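[1] structure for the following, please:
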Amino acid sequence: MIAKYSEGQKVKIIPLVGTDGYADLQIRRHVNKTGTVVKSYCITRDEMPDLSKMFVYPDVYSYDVRLDKDGDIVRGIPEIALEPKIFHGS
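    This next block holds a predicted model:
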């Protein structure tokens, strides 16, 4: 399995909703924020906390993202909750 994003890549955090229709609380408060990938790693379903298992698929890549606005690092964002940041020319 290959990571979709690499360290240094700009990304945007997008909504992540579980099969029960509820949004992941960690992701929801960061939706539409942009940042830079600082670390990527593969997490198996067995390694996920019980409450997070409904939001991820087995053997999913997760990322630590440094937010552009305040420099905080959001840890463990599943790959499905990211999209590439698109730059618009002026």
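[2] skipping its backbone neighbours, what lies nearest Tyr5 in space?
    Computed as Cβ to Cβ, 6 or more residues apart in numbering, the closest residue to Tyr5 that is not its neighbour in sequence is Val37, at 5.0 Å. All C-beta spots, glycine's among them, are computed from the backbone N, C-alpha and C.
[3] could you say which helix or strand holds that neighbour?
    Element membership for Val37 (DSSP states H and E) is strand 34-43.
[4] center of the protein - which residue?
    Closest residue to the average C-alpha location of the chain: Ile77 at 2.7 Å, with Cα atoms, centre = their mean.
[5] what's the end-to-end length of stretch 9-24?
    From its first residue to its last, stretch 9-24 covers 23 Å (Cα to Cα, to the nearest Å).
[6] how far does it sit from the chain's center?
    Its chain's C-alpha centre and that of stretch 9-24 lie 8 Å apart, by Cα atoms, centre = their mean, to the nearest Å.
[7] what's that stretch in contact with?
    5, 27-28, 30-37, 52, 54-55, 63, 65, 74, 77-78, 80-85, 87 (Cβ atoms under 8 Å, 6 or more residues apart in numbering).
[8] residues contacting Gly35?
    Gly35 touches 10-11, 13, 65-68, 74, counting by Cβ under 8 Å, 6+ apart.
[9] I meant Tyr5, not that one.
    Taking Cβ under 8 Å, 6+ apart as the criterion, Tyr5 is in contact with 11, 37, 40, 61, 63, 79, 82, 84.
[10] can you list the buried residues in the worst-scoring helix or strand of the chain on mean pLDDT?
    Sorting the helices and strands of the chain by mean pLDDT, DSSP states H and E puts helix 25-28 at the bottom, at a mean of 83. Across helix 25-28, burial judged by 16 or more other Cβ atoms under 10 Å covers 26-27.
[11] with that, I have no additional questions.
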